[in-house]
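> Prediction below, plus the sequence it came from.
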Amino acid sequence: QAKENGRNGYQFHTLELTRAAENRQALESRLHRAITAEEFELYYQPQVDVASGRTLGFEALVRWRPESGEGVSPAVFIPLLEETGLILALGDWVLHEACRQAVRWRAAGLDKVPVSVNLSPRQFQHLDVVELVRQALADSGLPGELLELEITEGALMAQNLETQERLGELKALGVQLAVDDFGTGYSSLAYLSRFPIDKLKIDKSFIDGLGQDARADKIVATIIAMGQGLDLRVVAEGVENASQLELLRSLGCDAVQGYLCGRPVPAALAQVRLAREQAAVPA
Ligand code: C2E
Ligand code: MG
Ligand code: MG
Ligand code: MG
């Protein structure tokens with residue numbers, strides 16, 4: 001307790017809290033303006049097929065490019081926007097922009113390249129989420145099959161009929177559903193048998209320990225085996241080196257995403273990667 005630290009400790013504590021609150025307030029209002037000023041951009045990170053090495057699709061990751069001042073990582077500002085509710089405005093922009101981008105790639109003659117979009121818990125729980133996704137598909141003209149929605153376990157925690165129905169309605173639009181950061185949530189595995197999930201993304205924290213920590217190896221092996229048993233595609237997140245990739249290959253992991261195969265890049269660079277790949281004559 002702060003009070004037990006005595007008078008000075010208490011003062012220090014409140015000073016720190018005040019400063020943090022001020023920073024937070026300042027950041028919040030900068031973000032508020034950033035949404036109106038459209039200071040955001042999407043980067044795209046490839047998901048790569050382990051067997052063929054080909055790009056299977058891209059995850060859209062938001063970046064903040066402020067006109068003035070320093071940008072902040074989405075790992076910091078997404079939770080803040082989530083708390084304030086501003087995530088709904090940003091999330092809708094992300095959804096529309098990612099769909100438009102996937103259509104641009106198609107128009108450029110690049111074979112069907114699905115795009116994955118992160119849905120925050122608050123977005124997923126929003127009553128209109130199905131309508132918002134339907135609208136983004138309709139406005140862009142993107143077929144539902146080329147959109148994947150990433151939802152964290154936390155958002156699936158409410159294992160009620162409403163969640164089940166919502167996921168069913170999203171599936172009816174043709175979209176793919178992925179569980180993001182798999183293994184880090186507090187939910188039971190029961191949802192895997194009840195909900196229409198297509199893909200598991202194994203969280204980076206398990207991949208980090210691959211080849212070094214026997215327990216991490218076992219956990220990853222078990223998740224992959226479970227995915228295979230349930231007919232789910234399994235993607236490993238945050239693959240940074242070749243030995244992790246080799247281990248994942250030997251365990252039968254379908255796809256990988258991480259700095260080893262490609263960092264998140266602007267749409268134009270992602271398109272260069274695709275064009276180069278699709279121009280290559282298959283062996
Ligand atoms: P996530 O969905 O799990 O995305 C993966 C994060 O891991 C990304 O961080 C990506 O840049 C990073 N990453 C990928 N490969 C590697 C690797 O090999 N090594 C390391 N160290 N990191 C890797 P990013 O872009 O900073 O995003 C962080 C989180 O912010 C995302 O985690 C996601 O939860 C959230 N986020 C990002 N964009 C959006 C968005 O448009 N909407 C929503 N709702 N959330 C978003
Ligand atoms: Mg994600
Ligand atoms: Mg993830
Ligand atoms: Mg993650």
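Yep, that arrived. Residues are numbered from 1 along each chain as shown. Ligands and ions are numbered 1, 2, ... in the order given.
> secondary structure class for the closest residue to ligand 3 within the stretch 51-200 of the chain?
Proximity of the stretch 51-200 of the chain to ligand 3 (Cβ to the ion) peaks at residue 180, 4.2 Å away. To be clear about C-beta, it is placed using only N, CA and C from the backbone, and glycine gets the same treatment. At residue 180 the chain is in strand, as set by DSSP: H, G, I helix; E, B strand; the rest coil.
> Hmm, it is touching residue 155, no?
No: taking contacts as Cβ atoms under 8 Å, residue 180 lies outside contact range of residue 155: 9.0 Å.
> quick one: buried residues of the helix ranked longest in the chain?
The longest helix of the chain (DSSP state H) is helix 6-36. Neighbour counts over helix 6-36 (16 or more other Cβ atoms under 10 Å) mark 28, 30, 31, 34, 35 as buried.
> and residue 180 and residue 155? which has more neighbours close in?
Between residue 180 and residue 155, residue 180 has the larger neighbour count (other Cβ atoms under 10 Å), namely 23 against 20.
> which residues touch the residue lying closest to the more buried one once chain neighbours are set aside?
Nearest residue to residue 180, sequence neighbours excluded (Cβ to Cβ, 6 or more residues apart in numbering): residue 150, at 4.0 Å. Counting by Cβ atoms under 8 Å, 6 or more residues apart in numbering, residue 150 touches 59, 116, 117, 118, 119, 178, 179, 180, 201.
> Go again with 10 Å.
59-60, 116-120, 176-181, 199, 201, 235 (Cβ atoms under 10 Å, 6 or more residues apart in numbering).
> before we move on, what about residue 202?
Going by Cβ under 10 Å, 6+ apart, residue 202 touches 179, 181-184, 210, 219-220, 223-224, 227, 234-239, 248, 253, 256-257.
> Check residue 165 too.
By Cβ under 10 Å, 6+ apart, the contact set of residue 165 is residue 130.
> Doesn't it belong to a helix?
Yes: according to three-state DSSP, residue 165 belongs to a helix.
> and the lowest-mean-pLDDT helix or strand in the chain, what does it pack onto?
One helix or strand of the chain scores below all others by mean pLDDT, DSSP states H and E: helix 6-36, with a mean of 76. With contacts defined as 3 or more Cβ pairs under 10 Å, 6 or more residues apart in numbering; DSSP states H and E, the packing partners of helix 6-36 are strand 55-64, helix 74-84, helix 87-107.
> How about the secondary structure of residue 186?
Residue 186 is classified as coil under three-state DSSP.
> same question, residue 113
Going by three-state DSSP: residue 113 is coil.
> Might you report the residue contacts of the nearest residue to residue 84 once chain neighbours are set aside?
If you skip the residues right next to it in sequence, residue 84 has residue 28 as its closest partner in space, 6.3 Å away by Cβ to Cβ, 6+ apart. Going by Cβ under 10 Å, 6+ apart, residue 28 touches 77, 80, 81, 83, 84, 86.
> So which of the contacts of residue 150 wins on neighbours?
residue 235 (29 neighbours).
> For it, what is the enclosing helix or strand?
Secondary structure assignment for residue 235, by DSSP states H and E: strand 233-237.
> for whichever helix or strand comes after that strand, packing partners?
Moving toward the C-terminus from strand 233-237, the next helix or strand (DSSP H and E) is helix 242-251. For helix 242-251, the packing partners by 3+ Cβ pairs under 10 Å, 6+ apart come out as helix 204-208, helix 214-229, strand 233-237, strand 255-257.
> Which phi and psi values does residue 174 adopt?
Main-chain dihedrals, residue 174, degrees, to the nearest 10: phi 90, psi 0.
> hang on, isn't it packed against residue 114?
No: Residue 174 lies out of contact with residue 114 (Cβ atoms under 10 Å); the separation is 11.1 Å.
> okay, the two: which has more neighbours?
Neighbour tally, residue 174 and residue 114, criterion other Cβ under 10 Å: the higher count belongs to residue 114, 18 against 13.
> Model confidence for that one, exactly?
pLDDT for residue 114: 96.
> ok, and the closest non-adjacent residue to it?
Going by Cβ to Cβ, 6+ apart, residue 114 has residue 57 as its nearest residue, at 3.8 Å.
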